[in-house]
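**Q** mind looking at a prediction? Sequence and model below.
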Amino acid sequence: MKQIFIRFCFYRVRFFLALAACVFPMIISSCFGSCGVYPGAEGALENTSLSIATWNMQALFDGKDDGWEYEEYRAGSGWSEEKYNARLNHIAEAIKGMGENSPDIIALIELENKNILEKLGSEYLAQEAYKYYFFAGNTGYSLGIGILSKYPFSKATAHSINVDGEIIPRPITEVEFSPKEENIILFACHWKSKLGGDEKTEALRREAARLILRRQKEIRQENPKTPILVLGDLNENYDEFYRRSGQVICALMPDDPEAARIAGYLLLETDGESSPKENSDVQSVKESDEQDFLIISEEKPPVSSFFVNCTGVFYSPWCSELKNGSYFYSGGWETIDHFLLNEAFFNTEGWQFKDCFVMDTEPFVNSKGEPNLYNARTGSGLSDHLPLLLRLYKAKKIPPT
């Protein structure tokens, strides 16, 4: 029987107004993370809106040779401290250029270390009030995940997953915020790429989904109404099941009768206005703790009509609101960068979904309308991924009568 070990690092960070700077390292097994706050401008935090961005940075390395950089980011290939600083400046200018869409919280995928995150926030984005940061990575791997925020974290966790001795390259980062005293739990992810074969790597992406499902169950036990947001580069399209001819169980599964049948969960039928009934020609219901995929719904709030005894149903803006994609590969668009929202963002309480869009304007795109990928040799461009931006609004609480 396949053995699966989920190793995680956890710490709580409390921030005080008088605190000028702090860094809290954590190293447990193969997983590490750093969190801190530094002096900076205070932003306009009285707004009743909240914007969150996710952006894969296409391998953002610093200017030092530490031995695990990609070849083009080494001194011998012409990489330098000057190119590194220039790249940070271009990234910061692009973020500031978002104007009113400038995010309050931004997850940056593919960073080498926490120093990059801190320098970007404290120097190049000093006036944008990103005072709080968190970085997590796995020991022995080149790149990790960073988060810049205008709001403090009440909890920051890095989860590392080991499947049969193989560690998923990037940890799953879990952070908890309470902007305007309304709690949100965010999972920033960079799931395993398809390099190495679809079938083998799919298993690793499904284990990442399993971890999120496990954490969702634990979170719901404490508070079933907690807003949960999964974001980042999942290396899987929202319609991956259809792209693979509807024959493979993917880490992201559509709320589709054939998908439910293949996954081994009871299909539901409706008979007019009567209650759903079991279809006798499908397999038995599996135990929910075996589930290792998230269900993608186009409904608001997200619901599953065809999976029985399943958890982890999320709304994906790719289903209806977003067009084209965020990554251009082999002549076609892919939708591998995501925001996945649970039902709490649609229940008229606390932070509620407003809209979501791809940043597909200059300087994020080139003259062809494709991602303005970064060229380490010339120092031109930004990234081979486009940022996604999610906007939320705070629903007003109606006092009891």
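**A** Yep, it's here.
**Q** please count neighbours and contacts with C-alpha atoms only from this point.
**A** Fine.
**Q** quick check: the gap between the closest residue to Lys64 other than its chain neighbours and Asn372.
**A** Leaving aside its chain neighbours, Lys64 sits nearest to Glu81 (7.0 Å; criterion: Cα to Cα, 6 or more residues apart in numbering). Noted for Glu81: a distance of 22 Å to Asn372, by Cα to Cα, to the nearest Å.
**Q** these two: who's more crowded?
**A** Asn372 (22 against 13; other Cα atoms under 10 Å).
**Q** does the more buried one touch Pro387 like I think?
**A** No: at 11.3 Å, Asn372 does not count as touching Pro387 under the criterion of Cα atoms under 8 Å.
**Q** overlap in contacts of those two?
**A** Contact criterion Cα atoms under 8 Å, 6 or more residues apart in numbering; residues shared by Asn372 and Pro387: Phe364.
**Q** picking up where we left off before, am I right that the residue nearest to Lys64 is in contact with Phe61?
**A** No: with contact defined as Cα under 8 Å, Glu81 does not count as touching Phe61 (10.0 Å).
**Q** what residues do those two have in common as contacts?
**A** Counting by Cα under 8 Å, 6+ apart, Glu81 and Phe61 have no contacts in common.
**Q** so Asp62: helix, strand or coil?
**A** Following DSSP: H, G, I helix; E, B strand; the rest coil, the label given to Asp62 is coil.
**Q** then the one 3 residues further on?
**A** Using three-state DSSP, the three-state assignment for Asp65 comes out as coil.
**Q** grab the nearest non-local neighbour of it.
**A** Closest residue in space to Asp65, ignoring its immediate chain neighbours: Arg74 at 5.9 Å, by Cα to Cα, 6+ apart.
**Q** what's the local residue count around that neighbour?
**A** 20.
**Q** give the contact list for it.
**A** The neighbourhood of Arg74, defined by Cα under 8 Å, 6+ apart, consists of Lys64, Asp65, Ser80.
**Q** again, 10 Å this time
**A** Neighbour list for Arg74: Phe61, Asp62, Gly63, Lys64, Asp65, Asp66, Gly67, Trp68, Ser80, Ala376 [criterion: Cα atoms under 10 Å, 6 or more residues apart in numbering].
**Q** in JSON lines: these, plus neighbour count, distance to Leu148 and pLDDT.
**A** JSON lines is the format used below for the contacts of Arg74 (neighbours: other Cα atoms under 10 Å; distance: Cα to Cα, whole Å; pLDDT from 0 to 100):
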{"residue": "Phe61", "neighbour count": "24", "distance to Leu148": "17", "pLDDT": "98"}
{"residue": "Asp62", "neighbour count": "24", "distance to Leu148": "17", "pLDDT": "97"}
{"residue": "Gly63", "neighbour count": "17", "distance to Leu148": "21", "pLDDT": "96"}
{"residue": "Lys64", "neighbour count": "14", "distance to Leu148": "22", "pLDDT": "95"}
{"residue": "Asp65", "neighbour count": "15", "distance to Leu148": "25", "pLDDT": "94"}
{"residue": "Asp66", "neighbour count": "9", "distance to Leu148": "24", "pLDDT": "90"}
{"residue": "Gly67", "neighbour count": "9", "distance to Leu148": "26", "pLDDT": "88"}
{"residue": "Trp68", "neighbour count": "14", "distance to Leu148": "24", "pLDDT": "88"}
{"residue": "Ser80", "neighbour count": "18", "distance to Leu148": "25", "pLDDT": "97"}
{"residue": "Ala376", "neighbour count": "19", "distance to Leu148": "24", "pLDDT": "97"}
